[in-house]
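*Asks:* All I have is the shape, not the residue letters:
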Ligand code: GLA
């Protein structure tokens, strides 16, 4: 990093890029450049012109800024808004100072301090840079140095100004339950394009991120991106003004939100991880390895995730010690390493109408508690995991009968039930403690090394009468979830946590800072799943993407286990079918693929990966994972194609051009140079419905 103090310019240097910030003569913090490095750093200067353009378009409105507040003659999407004690609703943030901290030999943190002097409010913009990556972590801290409280109405984590005045293409998801991460791109026209969630979690529809690109493919074109580490209501506002300037403001949603910052207190907004790269593949690969290295909880970030069995689709709510033990025997026999009992084991839980909140073992289903089942699972050589939905309560539960006021509510409104349940008010200390305690009790009593933490409804009637400012609840609830997860992990260092919200409703970098993995979607149909997984892979780490091989055929898709495995093995392989109904031949298929997955999972979970082909463009789905001279290539043919298109040639990626590789395809092994495979391509034949292949490619004499 270079600071040209005489010019008021900060040059942040990443592996391949420069991110340049300046201070204008009025103390406005401006954005100068984000992109390729400029050879002569001395060329950077403040280009902001702090004189009024005309009476309708002020300099501030037009400026390329770094964190613009609402106030003065700035009317565009602000990053920050506050109401002061004297009812002044204009914030003026001007440059005060900066600090640089070397956190370790590879990491430094720049803090640029802005102030609203008359009100004693400081806003610090932070930039964390690490060696060998183009990712910058940005966050902000607000400090109240006055003796009066201030209401923060909007606290975005960052504002970005894009370099080109040509329109960008914006990519996010257009998803829903069972259809998460369906990528959708649109041109950013003049006006404001908003992706947001108001339901409490980060939700299935969009994701808290922006991807802005120009003429981009997997390998080429400018791609600017940022992903917010937040699992609650978020807002991404992408705007383009009449001068063609595109900006992105990203952070906690200001909808029904405000935060009262008391004297002497500070508020830290969640981090945004952002970068500029060439092509989508680099974006995914940089974020994938960055997340594994720096975002995921440290305990298991570098450990391959186990092959797990989950009982949900086999038994639904109808769990018992006997049925679970039967499943466990087969799960262990086919090679599973962890057995997770899903919903149904607690309280009066026979269906989704009762029991949530009563986290004690159901005596009818487990007369001797969970010990016989857990002993059996351990005897079989597996670890044991359990499902919880700790933030929720059914009105038909002991917990609700004892504490109806623990659920969010308004006295005058009838509570809206979704899936027959209400949301617990985790902003109350006693509720947060209860949730921690019930899980802690189960973990201390039983040998449980895995928790699937679920969350199955949007919030409503969000009265939080306990809070002086009830609009803080959206923020405080999410922080409480993170806090409980962290406390459990601190007390039980061997505990792995999976984050689920009716599938991928809380699959974001915030969750992944506290949970080891996510349940990606309730949709386990293998063809749909390819699209879901490819969307997830854009900015989220592959290793954390739990995927199940099941047999329930919600969508009447023929059950083809080869295809299902070939899709599921592209993430963290899990098994979810009713194994007791399978034939010996079907179990043998499971044994074969689980054994193969264990051989290749290091490559899949930690390798670089490439989206080589997709159904829309190529009529075939191809994904390649590369690590230490080994590649694993997954090929899945479109289910709907009955034409005679069965000859394919696909160019590989990530190989060493001068090395030779053995390619094992259809039982034959042939050698090719890396150059040939990347520039000419691999030719193969694949016809018929639901056809798929896994191809191993190994460097000769690696
Ligand atoms: C949600 C989850 C499922 C399962 C059920 C249990 O729908 O996404 O995987 O755990 O809850 O009720």
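*Replies:* Cool, the structure landed. Treat the numbers as computed from the prediction; the structure is a model and nothing was measured.

*Asks:* Please pull out the lowest mean pLDDT helix or strand from this protein.
*Replies:* Lowest mean confidence among the helices and strands of the chain (mean pLDDT, DSSP states H and E): strand 2-4, at a mean of 79.

*Asks:* Quickly run through the sheet partners of that one, with directions.
*Replies:* With DSSP bridges as the test, strand 2-4 is paired with strand 9-13 (antiparallel).

*Asks:* neighbours of residue 517, just the number please.
*Replies:* When neighbours are counted by other Cβ atoms under 10 Å, residue 517 registers 27. (Glycine included, C-beta is placed from N, CA and C.)

*Asks:* Now do the closest residue to it other than its chain neighbours: how many residues are near it, please.
*Replies:* Using Cβ to Cβ, 6 or more residues apart in numbering and skipping residues adjacent in sequence, the residue nearest residue 517 is residue 544, 4.2 Å away. By the criterion of other Cβ under 10 Å, residue 544 has 28 neighbours.

*Asks:* give the contact list for residue 544.
*Replies:* 291, 296, 305, 512, 516, 517, 518, 572 (Cβ atoms under 8 Å, 6 or more residues apart in numbering).

*Asks:* 6 Å instead, please
*Replies:* Contact partners of residue 544, counting by Cβ atoms under 6 Å, 6 or more residues apart in numbering, are 512, 517, 518.

*Asks:* can you tell me which of these are in strands?
*Replies:* Applying DSSP state E to the contacts of residue 544, the entries found in strands are 517, 518.

*Asks:* From the contacts of residue 544, pick the one nearest the ligand.
*Replies:* The ligand has its nearest neighbour among the contacts of residue 544 in residue 518, at 10.5 Å by Cβ to the nearest ligand atom.

*Asks:* what about the helices in the stretch 501-650 of the chain?
*Replies:* For the stretch 501-650 of the chain, the helices defined by DSSP state H, counting those that start in this stretch occupy 526-536, 561-568, 584-606, 615-618.

*Asks:* I misspoke; the intended subject was the chain.
*Replies:* 59-62, 280-290, 312-315, 321-334, 371-379, 398-402, 429-445, 473-491, 526-536, 561-568, 584-606, 615-618, 674-679 (DSSP state H).

*Asks:* Just give me how far the second one sits from the chain centre.
*Replies:* The one in question is helix 280-290. Taking Cα atoms, centre = their mean, to the nearest Å, one finds the center of helix 280-290 at 13 Å from the center of the full chain.

*Asks:* so for it, what's the average pLDDT?
*Replies:* The average pLDDT within helix 280-290 is 98.

*Asks:* Then the first one?
*Replies:* Averaged across helix 59-62, pLDDT comes to 87.

*Asks:* For the residue of the stretch 251-400 of the chain found nearest the ligand, give me its contacts.
*Replies:* Nearest to the ligand in the stretch 251-400 of the chain, going by Cβ to the nearest ligand atom, is residue 343, at a distance of 3.5 Å. Shown in contact with residue 343 (Cβ under 6 Å, 6+ apart): 317, 387.

*Asks:* Flag every residue of this protein that's near the ligand.
*Replies:* Counting by Cβ under 6 Å from any ligand atom, the chain comes close to the ligand at 312, 342, 343, 387, 454, 456, 500, 502, 503, 519, 522.

*Asks:* how about the residues you listed in TSV, adding pLDDT?
*Replies:* Converted to TSV, the residues of the chain next to the ligand look like this (pLDDT from 0 to 100):
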residue	pLDDT
312	96
342	98
343	98
387	98
454	98
456	98
500	98
502	97
503	96
519	98
522	95
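
*Asks:* just to revisit the earlier point, ok, residues contacting the least confident helix or strand of the chain?
*Replies:* 10, 11, 41.

*Asks:* Could you count how many residues lie near the second one?
*Replies:* Read that as residue 11. Around residue 11 there are 20 residues (other Cβ under 10 Å).

*Asks:* count of neighbours near the residue nearest to it when sequence neighbours are not counted?
*Replies:* Closest residue to residue 11 apart from its sequence neighbours, by Cβ to Cβ, 6+ apart: residue 2 at 4.3 Å. Neighbours of residue 2 under the rule other Cβ under 10 Å: 14.

*Asks:* Next, find the distance separating the residue of the stretch 601-702 of the chain found nearest the ligand from residue 291.
*Replies:* Nearest residue of the stretch 601-702 of the chain to the ligand: residue 605, at 21.1 Å (Cβ to the nearest ligand atom). From residue 605 over to residue 291 the distance is 12 Å, taken as Cβ to Cβ, to the nearest Å.

*Asks:* Quick check: which ranges of the stretch 1-150 of the chain have low pLDDT?
*Replies:* Within the stretch 1-150 of the chain, the ranges that satisfy pLDDT under 70 run 51-53.

*Asks:* so what's the closest residue to residue 535 other than its chain neighbours up against?
*Replies:* Leaving out its chain neighbours, the residue that sits closest to residue 535 by Cβ to Cβ, 6+ apart is residue 181, at 2.9 Å. Contacts for residue 181 were tallied using Cβ under 6 Å, 6+ apart; they are 173, 175, 532, 535, 536.

*Asks:* Quick one: closest of the helices of the chain to residue 693.
*Replies:* Nearest of the helices of the chain to residue 693, taken as Cβ to Cβ: helix 561-568 at 7.1 Å.

*Asks:* Report the angle between the closest one and helix 584-606.
*Replies:* Between the axis of helix 561-568 and that of helix 584-606 there is an angle of 20 degrees, by axes from the mean of the first three to the mean of the last three Cα atoms, to 10 degrees.

*Asks:* I'd like the distance from helix 561-568 to the chain centre, please.
*Replies:* 24 Å.

*Asks:* Give me the spatial nearest neighbour of residue 97, chain neighbours excluded.
*Replies:* Distance criterion Cβ to Cβ, 6+ apart; nearest residue to residue 97, sequence neighbours excluded, is residue 113 at 4.7 Å.

*Asks:* any idea how far the ligand is from the one you found?
*Replies:* From residue 113 across to the ligand, the span is 44 Å (Cβ to the nearest ligand atom, to the nearest Å).
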